[in-house]
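Enquirer: sharing a model that was predicted from the sequence below.
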Amino acid sequence: MKTLGLFKDPSDFITIDAGDTIFEQGQVTDFMYVLIEGQVFINRNGVELAIVESGNIIGEMAILENRPHFSSAVAKSTCRLIPIDRKRFQFLVEQTPNFAFDVMEMLSERLHQMNIKAAS
């Protein structure tokens with residue numbers, strides 16, 4: 001994420017220990033997360049879909065679609081995350097348009113990776 005520098009205030013961080021669940025499949029939340037440090041397993045019905053590395057976002061569909069989470073996110077290692085609610089997301093997009101491009105780029109990359117998995 002090129003706009004990662006927007007998230008330098010340590011008061012924004014939450015820490016999640018390895019093995020702890022960040023959000024669960026089917027759960028309704030009002031947050032997406034910027035993964036500042038660590039790795040996160042994304043799984044659906046116990047099947048691993050992806051491992052997300054620091055510098056990416058997770059849970060963005062909760063903000064964009066206003067639906068329950070499609071998958072679960074579990075910390076693979078100790079993680080530092082910044083929760084972003086819808087109001088803050090809209091502020092970031094309005095004030096820093098490149099943030100929106102970063103989010104779209106990540107979504108596009110995830111879709112591309114899922115297409116590769118589906119084709120094999």
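Expert: That came through, no problem.
Enquirer: which residue is nearest the middle of this protein?
Expert: Taking CA atoms, centre = their mean, the centroid of the chain lies closest to residue 58, which sits 1.0 Å from it.
Enquirer: can you pull the buried residues of the lengthiest helix in the chain?
Expert: Ranked by residue count under DSSP state H, the longest helix found in the chain is helix 97-119. Buried residues in helix 97-119, counting neighbours by 16 or more other CB atoms under 10 Å, are found at 99, 102-103, 106, 110. From N, CA and C alone the C-beta is placed, and that goes for glycine too.
Enquirer: same check, this time on stretch 69-85
Expert: For stretch 69-85, a neighbour-count test (16+ other CB under 10 Å) marks 69, 71-75, 79-84 as buried.
Enquirer: for stretch 9-23, same thing?
Expert: Using 16+ other CB under 10 Å as the test for burial, stretch 9-23 gives 12-13, 16, 22-23.
Enquirer: stretch 34-52 now?
Expert: 34-36, 38-43, 49-50, 52.
Enquirer: which secondary structure elements does the longest helix of the chain contact?
Expert: In terms of contacts (3 or more CB pairs under 8 Å, 6 or more residues apart in numbering; DSSP states H and E), helix 97-119 is packed against strand 47-53, strand 56-58, helix 60-65, helix 86-95.
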